[in-house]
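>>> Below are the sequence and a predicted model; questions follow.
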Amino acid sequence: MIIDKDGNTTIITQEKASIVELVKKINILYDRFKNNNIIVKITKLDDVKVADIVEFMQLSNKHREAKHSFVIVSNSANLEEMPDEIIVVPSTKEAFDVIEMEIMERDLGI
(Lines give C-alpha, C1' and ligand atoms only; values in the text may rest on other atoms or scores of the structure.)
Protein backbone atom coordinates (compact mmCIF):
# COMPACT_ATOMS: atom_id res chain seq x y z
CA MET A 1 0.00 0.00 0.00
CA ILE A 2 1.40 3.37 -1.04
CA ILE A 3 0.05 6.53 0.60
CA ASP A 4 0.52 9.90 -1.12
CA LYS A 5 -0.93 13.29 -0.34
CA ASP A 6 -2.09 15.96 -2.77
CA GLY A 7 -3.39 19.00 -0.91
CA ASN A 8 -6.35 17.88 1.18
CA THR A 9 -6.59 14.52 -0.61
CA THR A 10 -4.92 11.26 0.41
CA ILE A 11 -4.26 8.83 -2.44
CA ILE A 12 -3.95 5.19 -1.39
CA THR A 13 -2.56 2.89 -4.06
CA GLN A 14 -3.03 -0.86 -3.74
CA GLU A 15 0.10 -2.80 -4.60
CA LYS A 16 -0.11 -6.50 -3.84
CA ALA A 17 -2.62 -6.89 -1.02
CA SER A 18 -6.02 -8.38 -1.59
CA ILE A 19 -9.01 -6.05 -1.31
CA VAL A 20 -9.88 -7.43 2.14
CA GLU A 21 -6.30 -6.86 3.37
CA LEU A 22 -6.26 -3.38 1.84
CA VAL A 23 -9.49 -2.40 3.60
CA LYS A 24 -8.11 -3.72 6.91
CA LYS A 25 -4.90 -1.68 6.48
CA ILE A 26 -6.86 1.47 5.62
CA ASN A 27 -9.03 1.01 8.72
CA ILE A 28 -5.95 0.57 10.91
CA LEU A 29 -4.33 3.74 9.53
CA TYR A 30 -7.59 5.68 9.16
CA ASP A 31 -6.78 8.31 11.81
CA ARG A 32 -3.86 9.51 9.65
CA PHE A 33 -6.14 10.69 6.84
CA LYS A 34 -9.64 10.87 8.32
CA ASN A 35 -9.74 14.65 7.76
CA ASN A 36 -8.78 14.39 4.07
CA ASN A 37 -10.64 13.31 0.99
CA ILE A 38 -9.60 9.78 0.03
CA ILE A 39 -8.88 8.21 -3.35
CA VAL A 40 -8.25 4.46 -3.35
CA LYS A 41 -6.53 3.27 -6.52
CA ILE A 42 -7.02 -0.42 -7.26
CA THR A 43 -5.97 -0.17 -10.90
CA LYS A 44 -3.47 -3.05 -10.60
CA LEU A 45 -6.33 -5.52 -10.23
CA ASP A 46 -7.42 -6.98 -13.56
CA ASP A 47 -10.95 -8.01 -12.66
CA VAL A 48 -12.77 -5.98 -10.01
CA LYS A 49 -16.15 -7.37 -9.00
CA VAL A 50 -19.04 -5.78 -7.12
CA ALA A 51 -18.10 -7.86 -4.06
CA ASP A 52 -14.64 -6.24 -4.07
CA ILE A 53 -16.11 -2.74 -4.10
CA VAL A 54 -18.66 -3.62 -1.40
CA GLU A 55 -15.70 -4.36 0.93
CA PHE A 56 -15.12 -0.58 1.00
CA MET A 57 -18.77 0.29 1.77
CA GLN A 58 -18.52 0.68 5.55
CA LEU A 59 -15.34 2.75 5.28
CA SER A 60 -16.83 4.91 2.52
CA ASN A 61 -20.05 5.52 4.46
CA LYS A 62 -18.14 6.51 7.61
CA HIS A 63 -15.92 8.88 5.65
CA ARG A 64 -18.78 10.48 3.72
CA GLU A 65 -20.79 10.97 6.94
CA ALA A 66 -17.82 13.03 8.17
CA LYS A 67 -18.32 15.28 5.11
CA HIS A 68 -15.29 14.06 3.16
CA SER A 69 -15.11 12.43 -0.26
CA PHE A 70 -14.23 8.77 -0.79
CA VAL A 71 -13.58 7.65 -4.37
CA ILE A 72 -12.32 4.34 -5.75
CA VAL A 73 -10.35 4.27 -9.01
CA SER A 74 -10.59 1.07 -11.03
CA ASN A 75 -10.20 0.76 -14.78
CA SER A 76 -11.35 -2.86 -14.77
CA ALA A 77 -14.62 -2.61 -12.83
CA ASN A 78 -17.93 -2.69 -14.66
CA LEU A 79 -19.20 0.72 -13.57
CA GLU A 80 -22.77 -0.19 -14.51
CA GLU A 81 -22.81 -2.89 -11.81
CA MET A 82 -21.45 -0.75 -8.98
CA PRO A 83 -23.75 0.24 -6.10
CA ASP A 84 -24.94 3.86 -6.08
CA GLU A 85 -23.76 4.30 -2.48
CA ILE A 86 -20.09 4.23 -3.45
CA ILE A 87 -18.24 6.17 -6.14
CA VAL A 88 -16.08 4.22 -8.58
CA VAL A 89 -14.40 5.95 -11.52
CA PRO A 90 -11.94 4.70 -14.18
CA SER A 91 -9.18 7.31 -13.71
CA THR A 92 -7.45 9.42 -11.08
CA LYS A 93 -8.36 12.60 -12.98
CA GLU A 94 -12.04 11.69 -12.74
CA ALA A 95 -11.60 10.99 -9.02
CA PHE A 96 -10.25 14.51 -8.50
CA ASP A 97 -13.14 15.90 -10.59
CA VAL A 98 -15.66 14.08 -8.37
CA ILE A 99 -13.98 15.42 -5.23
CA GLU A 100 -14.01 18.96 -6.64
CA MET A 101 -17.74 18.67 -7.39
CA GLU A 102 -18.51 17.26 -3.94
CA ILE A 103 -16.55 20.07 -2.25
CA MET A 104 -18.62 22.61 -4.18
CA GLU A 105 -21.83 20.82 -3.23
CA ARG A 106 -20.85 20.77 0.45
CA ASP A 107 -19.94 24.47 0.30
CA LEU A 108 -23.36 25.21 -1.20
CA GLY A 109 -25.10 23.03 1.39
CA ILE A 110 -26.46 20.59 -1.18
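Received, thanks.

>>> I am assuming Ile103 contacts Ser69, so please confirm or correct that.
Yes. Assessed by Cβ atoms under 8 Å, Ile103 is found in contact with Ser69 at 7.3 Å. From N, CA and C alone the C-beta is placed, and that goes for glycine too.

>>> which residues are common contacts for these two?
Asn37 (Cβ atoms under 8 Å, 6 or more residues apart in numbering).

>>> Which of the two has more residues huddled nearby?
Legend: neighbour count by other Cβ atoms under 10 Å for Ile103 and Ser69, higher for Ser69 (24 against 15).

>>> Quick check: end-to-end length of stretch 83-90?
End-to-end distance for stretch 83-90, by Cα to Cα, to the nearest Å: 15 Å.

>>> Next up, the contacts around the nearest residue to Asn27 once chain neighbours are set aside.
Spatial nearest neighbour of Asn27, excluding adjacent residues (Cβ to Cβ, 6 or more residues apart in numbering): Leu59 at 6.4 Å. Shown in contact with Leu59 (Cβ under 8 Å, 6+ apart): Val23, Ile26, Asn27, Tyr30, Phe70.

>>> I'm done for today, thanks for sticking with me.
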